[in-house]
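> need a structure here:
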Amino acid sequence: QLVVKPYWAGVIVFVVSTSFWTLFYIAQEIDQPFGEDANDLPVREMQKAFNEKLEYFTDPLSYTLPAFNPRNMHHAKTQVLDS
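Below you'll find the predicted structure:
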């Protein structure tokens, strides 16, 4: 006999049932994260930000390398620090 008093059986059943229903509702919310509910992901804002980042990469300045010639670096000096 696992439960000595009958009311403990009711308490255990209530706790287990509530836990399962809670997990069920959490799983439902995780399973459908898109929509207009309060806990849903902001898909429109995420897509808008993603499109802005993609637009940046289509700009020619984003993939043009600056002119660099190491021979013309008169102002740069290499220093060795004592450790």
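
> Mind checking which residue lies nearest the centre of this protein?
What sits nearest the mean C-alpha location of the chain, by CA atoms, centre = their mean, is residue 41, with 10.4 Å.

> what helices or strands is the longest helix along the chain leaning on?
If you go by DSSP state H, the chain has its longest helix at helix 6-31. When contacts are defined as 3 or more CB pairs under 8 Å, 6 or more residues apart in numbering; DSSP states H and E, helix 6-31 packs onto no helix or strand at all. Any C-beta I mention is one placed from the backbone N, CA and C, and that applies to glycine too.

> what about the helix or strand that comes right after that helix, distance to the chain center?
Following helix 6-31 in sequence order, the next helix or strand is helix 43-58 (DSSP states H and E). The chain centroid and the centroid of helix 43-58 are separated by 16 Å under CA atoms, centre = their mean, to the nearest Å.

> got a list of contacts for helix 43-58?
34, 62, 63 (CB atoms under 8 Å, 6 or more residues apart in numbering).

> Swap in 6 Å and give it another go.
34, 62 (CB atoms under 6 Å, 6 or more residues apart in numbering).

> re the thing from before, from what I see, the residue nearest to the centre of the chain and residue 33 are in contact.
Yes. Contact criterion CB atoms under 6 Å: residue 41 and residue 33 qualify, at 4.9 Å.

> what's the spacing between the residue nearest to the centre of the chain and residue 17?
Counting by CB to CB, to the nearest Å, the separation of residue 41 from residue 17 is 30 Å.
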